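> prediction below, plus the sequence it came from.
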2 protein chains.
Amino acid sequence: MIKFRLFLLALLAGGTAAAQPVAPLTARQGNVRLTVALGPDGRPTYAVAFGTKPVVNASRLGLALTDGRGFDGPMLLTGSETKDVDETWQPVLGEVKNIRNHYQQLTVHLRQAAAPGRRLDVVFRVFADGVGFRYEFPRQPRLQYFVVSDELTEFALPGDPKAFWIPGDYDTNEYPYTVSKLSEVDNSALVKSSTAIAVREVPDAQLVATPLMLKANDGLYVNLHEAAQVDYPAMQLHVDRATRRLTARLVPDAVGTKAYVHAPGHTPWRTIIVSDKAPDILASKLILNLNEPSKIGNTSWIKPMKFVGVWWEMQTGKTNWRYADSADTLNAAGQLIANGHHGATTANVKRYINFAAAHHIPGVLVEGWNEGWEDWFGNWKEPVFDFVTPYPDFNVAEIQQYAAGKGVQMIMHNETSGAATNYEQHLDTAYSFMNRYGYPAVKTGYVGRIIPRGEHHDGQWMSNHYVRVAETAAKHHVTVDMHESVRPTGLSRTYPNWVASEAGRGNEYNAFTPEGNAPEHETIMPFTRFMGGPMDYTPGIFKLKDYVAGHPERQVRTTLAKQLALYVVLYSPLQMAADLPENYTAHPDAFKFIEDVAVDWDDTRVLEAEPGEYISTARLEKGGERWFLGAITNANRRTATLNLSFLPRGRRYTATLYADAPGADWKTNPEAYRISTQTVSAGTTLRVPLAPGGGCAISLVPAK
Amino acid sequence: MIKFRLFLLALLAGGTAAAQPVAPLTARQGNVRLTVALGPDGRPTYAVAFGTKPVVNASRLGLALTDGRGFDGPMLLTGSETKDVDETWQPVLGEVKNIRNHYQQLTVHLRQAAAPGRRLDVVFRVFADGVGFRYEFPRQPRLQYFVVSDELTEFALPGDPKAFWIPGDYDTNEYPYTVSKLSEVDNSALVKSSTAIAVREVPDAQLVATPLMLKANDGLYVNLHEAAQVDYPAMQLHVDRATRRLTARLVPDAVGTKAYVHAPGHTPWRTIIVSDKAPDILASKLILNLNEPSKIGNTSWIKPMKFVGVWWEMQTGKTNWRYADSADTLNAAGQLIANGHHGATTANVKRYINFAAAHHIPGVLVEGWNEGWEDWFGNWKEPVFDFVTPYPDFNVAEIQQYAAGKGVQMIMHNETSGAATNYEQHLDTAYSFMNRYGYPAVKTGYVGRIIPRGEHHDGQWMSNHYVRVAETAAKHHVTVDMHESVRPTGLSRTYPNWVASEAGRGNEYNAFTPEGNAPEHETIMPFTRFMGGPMDYTPGIFKLKDYVAGHPERQVRTTLAKQLALYVVLYSPLQMAADLPENYTAHPDAFKFIEDVAVDWDDTRVLEAEPGEYISTARLEKGGERWFLGAITNANRRTATLNLSFLPRGRRYTATLYADAPGADWKTNPEAYRISTQTVSAGTTLRVPLAPGGGCAISLVPAK
């Protein structure tokens, strides 16, 4: 009755809205229920519940525009429609073979109560595991091109949930996670101390990034993010610590506004994934479902890949990207003088090719192969790299032939140092070069401040840039792995050649910072960064201590077995075996798991999970019968309980366990592992002890 | 003695500068004398004199850097060198066949007196007609990449000269000229009222653009501008009205800083052209001489060209660029609905081709041929045009074949609407398209706010963009005519395919503004805008009144004869005959001059000139014997005195005079002209009456 009265008030205030309904609009799917209403002030609100539990209390919807006539005032409800969709589709690369897209859609038609009477639709899709909604701008005479100054979307959270968060930074997602109550969010100390991150810009101590993982007091798991972030800046969330109300904040452009929109058009989807079981969050396909189908017709050339690379040796200081000590280190002829520490030499690359060929690793990445690394970084310099000119000690053709002769594919590296305009100027040339030398994949990088100057890594212009790169790459049949890009929002569905991104805190922080990644880091990442899509986390470090000369304090905060488990727990169709060949040949029995493990899957089961605590995941290789299983824990010792009931009944499997040895500990004894085999079946439940910071990787091969 | 003492003080303050000279440094060439000294505060200054008259009093030199350790404090003079250069070079296209580059160079080596002791060179070149100087940054450990926050260069002018100025606007040079004392400069009312200019951003009411033309009380003519503006923003000048001290102001970038520089490097040249005779200013080659020689090896494909175009009919509203009334005017199939007013139709273009072929005009420009004009402007929209997709009624291949069959070349039009990033994304595709369809030339346009957002038309980023466009065009053997670009600084020497720019107030303002261009406008332009290089002014309007339906008040403020004279007075290797074919066929006798007149020259003589009053110029056609002569006046009736002593002795010429008829007047009777012939020789002095707003064009053909 209360809601009815509110609508009536809105109706009276609004005047002439003939189609004004008299009750709140609702939609539901399974346990998830959405309610949309006009508030007493005529402003639209939505609320989400899971069963009887509130997920999001009545929260504001709207957008402010720079012309001052935006969707921030009273609105009239002029109509609504619902429809039900249940369809199934196949991702090109993915965690499962088939994805069901099953939702009830509610479209709410609104009109400004006052002049100019602009129309706005809010479209909600309600799934069994959450809600997505976006603003749609119908074609209309009084709203054509416009500029969003602020998005007013709110997420009013009941209680004071536990949050797994990183600062909302315009230029990076590479912070370590903080776990705190939402009412305690304050990023300022962390932002200040994170000097290993090249570019940091955080305007607000209560700003957090998405995906934001929350655990409510009543046990609900809630994940907030967005889907299909195209032609729009990334959304971050400002936390009102007193009320636990989160408000959308869009990453600004160079002149401080947010988004340039053309009607008909729409925003990305705002996503709320919810369940009372943590594994359901990891299994959710809501974000992928809200993305558009592939824009690439023929996708047969898009392949997943494991690779090694001339990379960790640079991160750990054994060699370097640059050929000379500085751009001013020149001989009398004006040529760079080699410093003798260049990693990307023809001879060294051949060593990696040999290793890859011997161990069935299909790809080799080489960084620092091209001119420009002497002063690539930190100068906001536009013409940094040309993406086609190798250093004198890197023979492109010779390496290409050598690799091809051994059945190995080279992976291109295009670091832009943030000069996106420079990259766009060279894009056709760079990708034609890849085609000429048979590179099927490229890793791109955006370390440094963005050019166009004043733009941000996560703003609208750069978001469009990443899509342009993916599109150009697709035209050239090249797959892309973007580093330092905006965090993903499921766009790998639409651009399946955009196989992975970094856009989070990868293993590399263990190389160049003393704090590295905490033992719980990888138990949080799948609930946060990975919700939007695959990450090139670069797991597989075997030498977990004493890998940086002169820095005995640096160590990877996992056991070796946990590094193996990450190949399963962390989903990516592009997975690096990041350590040096010599560190792998020291442990050939353990490396066997990396050789064996798949990177593309027909099925995935999250067996148990708790953010910040533990995750155990099983996956079925694409087009095969082998399952792979990874179980990880945080700093706490625990026993993984792995119920194998997902195996087909009546089949027996040989399970090879790569487990922490007794006494293993990330801090004191990380490389202690034990490999064992046993026969298992669907009836088996494995109980595997995990060391502090430990894990276990398991391959399950049908018994002969 | 005073100067000696100042230096001694600097020496004592500075401490250890062993090479410190004890007298001011000087250089001279002809009447021009330069003095460089350290001021009492240790800051470097320069002064310029012409004979006994001061041109620039002791004026500050220096640069402030964003790191706070720039060249704005006390400096030590650590050495200097002079050298004399006298060489001659040939421009690819030009006003004269040979250009003498004759100067004395003084290089002044400076070092910061305080830490970090960075080094700065100031290089001066003293010519007989002025001085150029620039800052050079030697390779040094403590200055590698740096950002200029302000350039501190000053021009302290004696007295209170008369100035011919336009506002210093970050985004346009299309204002009408104001003539005032320097002490009276105030651009605010003009900026406010100039609503016909799409984008205006003027931060300061006393800011003026360069080239700035000055006439001193003592009769000296002084022109201030710059040369070789590459990888640096345009310089504008702030006028201190009390002291008549001008201070450099650099056009800022999106984040408010000015220039990103990498040592070794340098700024553009700051130029001071001076003479006691106004024609010497117009004849000066100082700016071209300060530019680098051509970077294009083979220049044989670079051709000058006269052209007609589907353009004035759009400017005057007879037809339109756009195909449909709006981007939302769609039929049921989602296709644009033609509005019936589209100018760039195949049939209409053929009409222009026919006219060009019949009248020996080599080129036809067509604007509005490609999709996107319905909403091209004013929305800060990035993906505006793709530069290759024609409207349905413009058949690229058919037009190309038709033109080729008649010996006519099509000129491409690439409007960007300021979205330079979008143009760069399409650059290779756009120029390949020109090659495919045989377009030898392109007119580009930048109407609207720049993208990258926050950048300006005349800032460093865009300046680099224009060069990138010229370079890409050269790679494709295409000549370029840039509209709404930064004003030129002699770069046509270095990039000879960059044949012309607009970057000033062209004839088009007579089409779309009631105020149009004042009668004196074209007597000022050669002393200002044209000092940096050729302009596509689009002269040749024959129908001087009643050319815009419904706007009888609009008229061109010249006579018809003056329009003809502009082909000689205004130098450009790319000259449009801008009026409609039907307006030319109404005056075939007058159009004969446009048919005949050359656009590339072996010699040029400025016979008489006074800025704002009158100019009479004679030019010898490239590789021929015909001379062409143009004389123009402002609103005042006067008699042009044309001494033909430049003609070879003993040769007789048939002079055809296209003169104002008695009673002609720009306001009341502009189309009254009279054509007459007479035989002349080197001994002849023609005295030709010029009507108010009038002019006279003359062809001189050797008598048989």
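Received the coordinates, thanks. Numbers count the residues shown, from 1 in each chain, chains lettered A, B, ... in the order given.
> which residues of chain A lie near chain B?
Neighbours of chain B within chain A, by C-beta under 8 Å from any C-beta of the partner chain: A:139, A:141, A:144-145, A:147, A:253-255, A:260, A:262, A:327-328, A:375, A:378-382, A:421, A:424-425, A:427-428, A:452-455, A:461, A:464, A:468. In this view, the C-beta of every residue, glycine as well, is placed from N, C-alpha and C.
> from the residues you listed, list the buried ones, please.
Neighbour counting over the residues of chain A next to chain B (16 or more other C-beta atoms under 10 Å in any protein chain shown) leaves A:144, A:147, A:253-255, A:260, A:262, A:327, A:375, A:379-382, A:421, A:424-425, A:427-428, A:452-455, A:461, A:464, A:468 as the buried ones.
> what about the helices in the stretch 351-500 of chain A?
Per DSSP state H, counting those that start in this stretch, the stretch 351-500 of chain A carries helices over the ranges A:396-405, A:420-436, A:460-475.
> B:Asp579: which of those is closest?
Of all these, it is helix A:420-436 that lies closest to B:Asp579, at 38.9 Å by C-beta to C-beta.
> any buried residues in the closest one, and which?
Under 16+ other C-beta under 10 Å, the buried positions of helix A:420-436 are A:420-428, A:430-431, A:433-434.
> ok, which pair from these is furthest apart?
Using C-beta to C-beta, the pair of the buried residues of helix A:420-436 lying farthest apart is A:Thr421 and A:Met434, separated by 20.3 Å.
> list the contacts of whatever residue of the stretch 401-550 of chain A ends up closest to chain B.
Per C-beta to the nearest C-beta, the residue of the stretch 401-550 of chain A with the smallest distance to chain B is A:Pro452, at 3.2 Å. Shown here is A:Pro452, whose contacts under the criterion C-beta atoms under 8 Å, 6 or more residues apart in numbering or on different chains are A:254, A:420-421, A:461, B:254, B:421, B:452-455, B:461.
> need the max-distance pair from the residues you listed.
Across these, no pair lies farther apart than A:Ala420 and B:Gly454, at 14.7 Å, counting by C-beta to C-beta.
> kindly state the beta-bridge partners for A:Thr617.
A:Val606, A:Gly630 (DSSP bridges).
> so what's the residue count around it?
Using other C-beta atoms under 10 Å in any protein chain shown, A:Thr617 is surrounded by 26 other residues.
> measure it to B:Gly334 for me?
A:Thr617 sits 46 Å away from B:Gly334, taking C-beta to C-beta, to the nearest Å as the criterion.
> tell me which helix or strand in chain A has the weakest average pLDDT.
helix A:2-14 (a mean of 37; mean pLDDT, DSSP states H and E).
> can you name the element that comes right after it?
Read in the C-terminal direction, the helix or strand following helix A:2-14 is strand A:25-29, with elements assigned using DSSP states H and E.
> pairing partners for that next one, with directions?
Strand pairing for strand A:25-29, determined by DSSP bridges: strand A:32-38 (antiparallel).
> disregarding flanking residues, what is the spatial nearest neighbour of A:Leu93?
Among residues not flanking A:Leu93 along the chain, A:Pro573 sits closest, at 4.1 Å (C-beta to C-beta, 6 or more residues apart in numbering or on different chains).
> look at that neighbour and report its pLDDT.
At A:Pro573, the model reports a pLDDT of 98.
> again, but for A:Phe377
According to the prediction, A:Phe377 has pLDDT 89.
> so who does it touch?
Counting by C-beta under 8 Å, 6+ apart, A:Phe377 makes contact with A:198, A:417, A:447-448.
> quick check: the farthest pair among those?
Across the contacts of A:Phe377, no pair lies farther apart than A:Ala198 and A:Ser417, at 9.2 Å, counting by C-beta to C-beta.
> about what we covered before: which one of the contacts of A:Pro452 sits closest to B:Arg118?
Minimum distance to B:Arg118 across the contacts of A:Pro452 is 25.4 Å, recorded for B:Trp461 (C-beta to C-beta).
> so the closest one makes contact with B:Val251?
No: counting by C-beta atoms under 8 Å, B:Trp461 stays clear of B:Val251, with 10.0 Å between them.
> in stretch A:574-593, what counts as buried?
By neighbour count, with 16+ other C-beta under 10 Å as the criterion, the buried positions of stretch A:574-593 are A:574-581, A:583-584, A:590-593.
> show me what residue of the stretch 1-150 of chain A gets nearest to chain B.
A:Tyr145 (3.7 Å).
> give me the pLDDT for that residue.
pLDDT, A:Tyr145: 96.
> so who does it touch?
Contacts for A:Tyr145 were tallied using C-beta under 8 Å, 6+ apart; they are A:260-263, B:375, B:378-381.
> which non-adjacent residue is nearest A:Gly42?
A:Pro74 is the one closest to A:Gly42 (C-beta to C-beta, 6+ apart), at 2.7 Å.
> pLDDT below threshold where in chain A?
By pLDDT under 70, the weakly predicted segments of chain A are A:1-22.
> do that again at 90, thanks
Along chain A, the model assigns pLDDT under 90 to residues A:1-23, A:39-40, A:198, A:328, A:377, A:704.
> assign the residue of it most remote from its centre to helix, strand or coil.
Ranking residues of chain A by C-alpha distance from their mean position (C-alpha atoms, centre = their mean) puts A:Ala332 at the top, at 47.7 Å. Taken by DSSP: H, G, I helix; E, B strand; the rest coil, the conformation at A:Ala332 corresponds to coil.
> coming back round to it: format the contacts of A:Pro452 as a markdown table; extra columns: distance to A:Val310.
Written out in a markdown table, the entries for the contacts of A:Pro452 read as follows (distance: C-beta to C-beta, whole Å):
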| residue | distance to A:Val310 |
| --- | --- |
| A:Ala254 | 36 |
| A:Ala420 | 25 |
| A:Thr421 | 28 |
| A:Trp461 | 32 |
| B:Ala254 | 36 |
| B:Thr421 | 33 |
| B:Pro452 | 34 |
| B:Arg453 | 38 |
| B:Gly454 | 38 |
| B:Glu455 | 37 |
| B:Trp461 | 34 |
